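**Q** test case, fold it:
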Amino acid sequence: MTWPVTTQGQVEARNTGVLRNFCRQLRKRFKVILLGLLLATAMSSWVFRLTGPIDLRADAGVYFILGSSIAQGKGYRLLHEPGEIRATQYPPLMPILVAVHQVMLGSNDPALVGYALRLTALFTYLAFTTATYIAVRQLLPTMAALAVVLLTLLSFYAYFMSNLLMPEIMYAGITAVFISLNTRSSRKSSRSRELLSFCLATAAFGLRTIGVALYAAWVGEAILKRDLRQAFMRLTLSAIAIGAWQTYVRYVEAREDYLVPVYEYQRAPYLFYNVSYFRNVLLSDPFSQSARVNATDLLKRIGGNVRRLPVALAEAATAERHIWLPVWTGQYTRKWPRALDLALGTLGLAIVAGLIIQVAQGYFVVPLYVAATIIMVCTVPWPVQLPRYLWPLTPFLLTGLIFFLLRVQERLQVVLLRMPRYTRYLTVSVPLTCLLTQQATVFYRAHTSWLVDAVYRDQAGATIRQRVFGYFPSDLAIDQASDWLGQHAQAGEVVATSSPPLVFLRTGLKSVMPPFETNPERAQTLLDQVPVTFLFLETSSRNINGRSTSEWVAPVVEMYPSNWNQVYASSDGMLKIYRRVHLARE
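**A** Numbering: from 1, shown residues only. Presented below is the predicted three-dimensional model:
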């Protein structure tokens, strides 16, 4: 038998064929590989924080309480308030999700349900990553889309908000799917796409009131395409959805139990958890019983927010100014050099320029959505919250930045024809490399230094441990004070604190905000109407949008020392608890 002889050329040809086939298969799967890289990046954050229940600080506690109310068949109520009043601030989709978890688990225990919600948040984060990549990929080349999603995942608010029971991540994911459906103005409309777009926009609005921006972008796109019939249909559907929620709010506000509350200031416009956004935002000062804002004051407020906007856009897309420096210095600070403001402002203006370029190229939905969101955000009276409110825009802000950088690169290619070709790409690669380096450094610092164990006791006295970002001394003081209340307070007593939802979830005690009243005599009268048993005097300004409750509480205990007996003080003195001397003794 004669064996076939394989020549060197045949071997080389076969190897070349194998290599070509491998490269062909690699190209086919390249996008899937990149998506896998992004999902691995997303998971790299969650590996460090799968311990304990999801974080219920700040607004997260309200969502959990509303979900408990729905699960218990009580309706949409704030269970921590005396009288368990009906809620009007938040749309109900997030609380409904909480209620589903509680019904499935047969429990409203914040520790048990909170851990299930943490796992749900993980899968939501992965879905958000996938949806964002698909949406951005329709706007940018593959590698540019990869950079945008990486920067989004490395942005501080991405992992910080995903660790809280907050709707931002889910809202951003739904928004990304909506934009994927409506990216190109050349796409022909269909009934199924219109219906799905409406459902997505309604889901976004059901998560956050600012989801109105999606409706605005949806209607605005049809107008820019000069399809007035389609614009009218979209406007009608949007009005029905928005009107349904507003009808509920008006129904609650017209009820006798709203007009005659359990205690006098329960529905005061400055008590933001207890009233609608509309009533709170319309105050000239959202932290006092002030008059409604007039046209002049509103224009000043909008003007002030517009001046802050370039920096706020850059902060939303990266990290807040006071976070940029600690990653290099190791120390947290609220002071920063003017050069940082200049750099962030320039970045923000480049983002705006990129969005304008998108409009010129026929991409309407993203710029309209960003513009509508910005218009709404600029009316709020809490400048400190601008980066947080703008964060869901992050992948599309970064997309705008890359549009701008690509346009600059095109111009340089025309002007600098004799320059080496690789130098022309530095316009895009250098800024993105700098941003990726900064964001990766913030990511590393956040997960090695700012992600810590918080330990507290639940209502049953069991020790609960959870992983949280940004656990400041004021947060530790609240947890320790809640532990003390759990051991010393009695059922039926009421607490006045800057964090009523959290204290209620920790102790089971009805909890309210103190009155934002600068007149101590008036404040004392209002506290007695609740009546408040335990009064928190907190010096931290982190809990109420940069304001400390001490400016309202301290004058009361100073003017009426015989009415309030100090029964607790945190080790650092940041928080003191005063117990009301029994009214019968007066």
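**Q** going forward, measure contacts and count neighbours with C-alpha atoms only.
**A** Fine.
**Q** where in the stretch 201-350 of the chain is pLDDT low?
**A** The stretch 201-350 of the chain contains residues with pLDDT under 70 at 290-291, 326-336.
**Q** run the last query once more with 90
**A** For the stretch 201-350 of the chain, the stretches flagged by pLDDT under 90 are 225, 227, 270, 272, 277-308, 315-344.
**Q** how about the strands of this structure, start to end?
**A** With DSSP state E applied, the chain shows strands at 451-457, 463-469, 494-496, 510-512, 534-538, 564-569, 575-580, listed in chain order.
**Q** do you know how far Ala158 is from Arg321?
**A** The gap separating Ala158 from Arg321 is 16 Å, by C-alpha to C-alpha, to the nearest Å.
**Q** more neighbours: the two, which one.
**A** Neighbours around Ala158 and Arg321, counted as other C-alpha atoms under 10 Å, are more numerous at Ala158. The numbers are 25 against 20.
**Q** tell me who's in contact with the more buried one.
**A** Counting by C-alpha atoms under 8 Å, 6 or more residues apart in numbering, Ala158 touches 152, 169, 391.
**Q** tell me the pLDDT at it?
**A** Note on Ala158: pLDDT of 94.
**Q** what's the neighbour count on Ser498?
**A** Neighbour number of Ser498 under other C-alpha under 10 Å is 27.
**Q** quick one, phi/psi of it?
**A** Per-residue torsions, Ser498: phi -70, psi -10 (degrees, to the nearest 10).
**Q** where do the helices sit along the stretch 1-150 of the chain?
**A** Assigned by DSSP state H, counting those that start in this stretch, the helices in the stretch 1-150 of the chain fall at 8-28, 30-46, 59-71, 93-105, 110-137, 142-154.
**Q** wait, the stretch 151-300 of the chain
**A** Using DSSP H, counting those that start in this stretch, the helices of the stretch 151-300 of the chain run over residues 156-162, 168-181, 191-207, 212-224, 228-253, 256-259, 277-281, 295-317.
**Q** with Thr130 as the reference, name the closest of those helices.
**A** Ranking those by proximity to Thr130 (C-alpha to C-alpha) places helix 168-181 first, at 8.4 Å.
**Q** by how many degrees do the closest one and helix 191-207 diverge?
**A** Interaxial angle, helix 168-181 versus helix 191-207 (axes from the mean of the first three to the mean of the last three C-alpha atoms, to 10 degrees): 160 degrees.
**Q** how far does helix 168-181 sit from its chain's centre?
**A** Distance, stretch centre to chain centre, for helix 168-181: 13 Å (C-alpha atoms, centre = their mean, to the nearest Å).
**Q** cool, stretch 144-152 as well?
**A** Offset of stretch 144-152 from its chain centre (C-alpha atoms, centre = their mean): 19 Å.
**Q** nearest residue to the middle of the chain?
**A** For the chain, the residue nearest the mean C-alpha position is Glu168 (4.2 Å; C-alpha atoms, centre = their mean).
**Q** state the distance from that residue to Asn563.
**A** The spacing between Glu168 and Asn563, counted by C-alpha to C-alpha, is 43 Å.
**Q** okay, the helices of the stretch 1-150 of the chain, which one's buried deepest?
**A** Highest mean neighbour count of those: helix 59-71, a mean of 25 (counted as mean count of other C-alpha atoms under 10 Å).
**Q** burial of Gly243, as a residue count?
**A** Neighbourhood size, Gly243 [other C-alpha under 10 Å]: 12.
**Q** who touches Phe198 in this structure?
**A** By C-alpha under 8 Å, 6+ apart, the residues touching Phe198 are 234, 237-238.
**Q** could you dump those residues to a markdown table with distance to Arg29 and neighbour count?
**A** Output for these, formatted as a markdown table (distance: C-alpha to C-alpha, whole Å; neighbours: other C-alpha atoms under 10 Å):
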| residue | distance to Arg29 | neighbour count |
| --- | --- | --- |
| Arg234 | 38 | 22 |
| Leu237 | 40 | 17 |
| Ser238 | 39 | 22 |
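**Q** which one of these is nearest to Pro82?
**A** Comparing the contacts of Phe198 against Pro82 with C-alpha to C-alpha places Ser238 closest, at 35.3 Å.
**Q** wait, isn't the closest one in contact with Tyr215?
**A** Yes: at 6.0 Å, Ser238 and Tyr215 qualify as touching, with contact defined as C-alpha atoms under 8 Å.
**Q** domain map for this protein?
**A** 29-260+293-449, 452-585 (automatic domain parsing).
**Q** what about the ones you listed, which gets the closest to Phe278?
**A** In terms of C-alpha to C-alpha, the element of these nearest to Phe278 is domain 29-260+293-449, at 8.7 Å.
**Q** got a markdown table for the contacts of Phe198, with distance to Met43 too?
**A** Below are the contacts of Phe198 laid out as a markdown table (distance: C-alpha to C-alpha, whole Å):
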| residue | distance to Met43 |
| --- | --- |
| Arg234 | 38 |
| Leu237 | 38 |
| Ser238 | 36 |
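**Q** was I right to think the residue nearest to the centre of the chain contacts Met161?
**A** Yes: taking C-alpha under 8 Å as the definition, Glu168 is a contact partner of Met161 at 6.8 Å.
**Q** distance to Leu282, mean neighbour count and mean pLDDT added to the strands of the chain, as TSV?
**A** Output for the strands of the chain, formatted as TSV (distance: least, C-alpha to C-alpha, whole Å; neighbours: other C-alpha atoms under 10 Å; pLDDT from 0 to 100):
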stretch	distance to Leu282	mean neighbour count	mean pLDDT
strand 451-457	37	17	90
strand 463-469	32	17	92
strand 494-496	25	25	96
strand 510-512	22	26	96
strand 534-538	27	25	94
strand 564-569	34	16	94
strand 575-580	31	21	94
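**Q** of these, which is nearest Ile357?
**A** Of all the strands of the chain, strand 463-469 sits nearest to Ile357, with 36.9 Å by C-alpha to C-alpha.
**Q** and the closest one, how far from the chain's centre?
**A** Mean-position distance between strand 463-469 and its chain equals 20 Å (C-alpha atoms, centre = their mean).
**Q** around Lys74, how many other residues sit close by?
**A** If you count neighbours by other C-alpha under 10 Å, Lys74 ends up with 14.
**Q** what about Asp528, distance to Glu256?
**A** According to C-alpha to C-alpha, Asp528 stands 22 Å off from Glu256.
**Q** which one of these two has more residues nearby?
**A** Counted by other C-alpha under 10 Å, Asp528 and Glu256 do not tie: Asp528 has more neighbours, with 13 against 9.
**Q** check the more buried one and give its pLDDT.
**A** With respect to pLDDT, Asp528 has a value of 94.
**Q** roughly how far apart are Ala222 and Ala131?
**A** Here Ala222 is placed at a distance of 24 Å from Ala131 (C-alpha to C-alpha).
**Q** now do Pro473
**A** Separation of Pro473 from Ala131 (C-alpha to C-alpha): 37 Å.
**Q** and for Pro500?
**A** Going from Pro500 to Ala131 by C-alpha to C-alpha gives 35 Å.
**Q** burial check on the residue nearest to Ala135 when sequence neighbours are not counted, number of neighbours?
**A** Nearest residue to Ala135, sequence neighbours excluded (C-alpha to C-alpha, 6 or more residues apart in numbering): Ser180, at 4.6 Å. Residue neighbour count, defined by other C-alpha under 10 Å, stands at 22 for Ser180.
**Q** contact partners for Ser180?
**A** Going by C-alpha under 8 Å, 6+ apart, Ser180 touches 134-136, 138.
**Q** quick one, what contacts the nearest residue to Ala317 once chain neighbours are set aside?
**A** Of all residues not flanking Ala317 in the chain, Thr394 sits nearest, at 4.7 Å (C-alpha to C-alpha, 6+ apart). By C-alpha under 8 Å, 6+ apart, the residues touching Thr394 are 152, 316-317.
**Q** against Thr41, how distant is Thr394?
**A** Counting by C-alpha to C-alpha, the separation of Thr394 from Thr41 is 17 Å.
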